[in-house]
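**Q** This is the structure alone, sequence omitted:
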């Protein structure tokens, strides 16, 4: 479901990768090595410019959820992956109804649900 942390809302300014790994580590009160491990384990996929990692506001939201699941809910990394796979990107990001209505991924998902309930799908 939530295959990419960036989803398909590429034009959203909150999706702009502007935070360096050091800034993100300080904001989340984790080490840069922790962020690298989470990346290596497939929990987050920061943008890269050369060898440098850059994170967007959406990445920060996802990382805060990852940290919450690991520290507060005591899930292991595989458990966090499962939870993130079950949630849609708009649920993780907390998108408003207006933001969801403009999101191609949300519209595509909604159309798929409607099609699955269409009378010809029942036959």
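**A** Everything's here; your move. Predicted, not measured: the structure shown is a model, and the values here were computed from it.
**Q** going forward, measure contacts and count neighbours with C-alpha atoms only.
**A** Noted.
**Q** how much space between residue 33 and residue 108?
**A** 36 Å (C-alpha to C-alpha, to the nearest Å).
**Q** pLDDT averaged over the helix or strand encompassing residue 109, what's the number?
**A** In the assignment (DSSP states H and E), residue 109 maps to helix 104-116. Taken as a whole, helix 104-116 carries a mean pLDDT of 65.
**Q** Quick one: list the elements packing against the top helix by length along the chain.
**A** As assigned by DSSP state H, the longest helix anywhere in the chain is helix 57-71. Judged by 3 or more C-alpha pairs under 8 Å, 6 or more residues apart in numbering; DSSP states H and E, helix 57-71 is in contact with helix 21-28, helix 77-86, helix 89-93.
**Q** From the chain's centroid, how far away is that helix?
**A** 9 Å (C-alpha atoms, centre = their mean, to the nearest Å).
**Q** Return the angle between stretch directions for that helix and helix 77-86.
**A** 130 degrees (axes from the mean of the first three to the mean of the last three C-alpha atoms, to 10 degrees).
**Q** Quick check: buried residues in helix 57-71?
**A** Across helix 57-71, burial judged by 16 or more other C-alpha atoms under 10 Å covers 57-60, 62-63, 65-67, 69.
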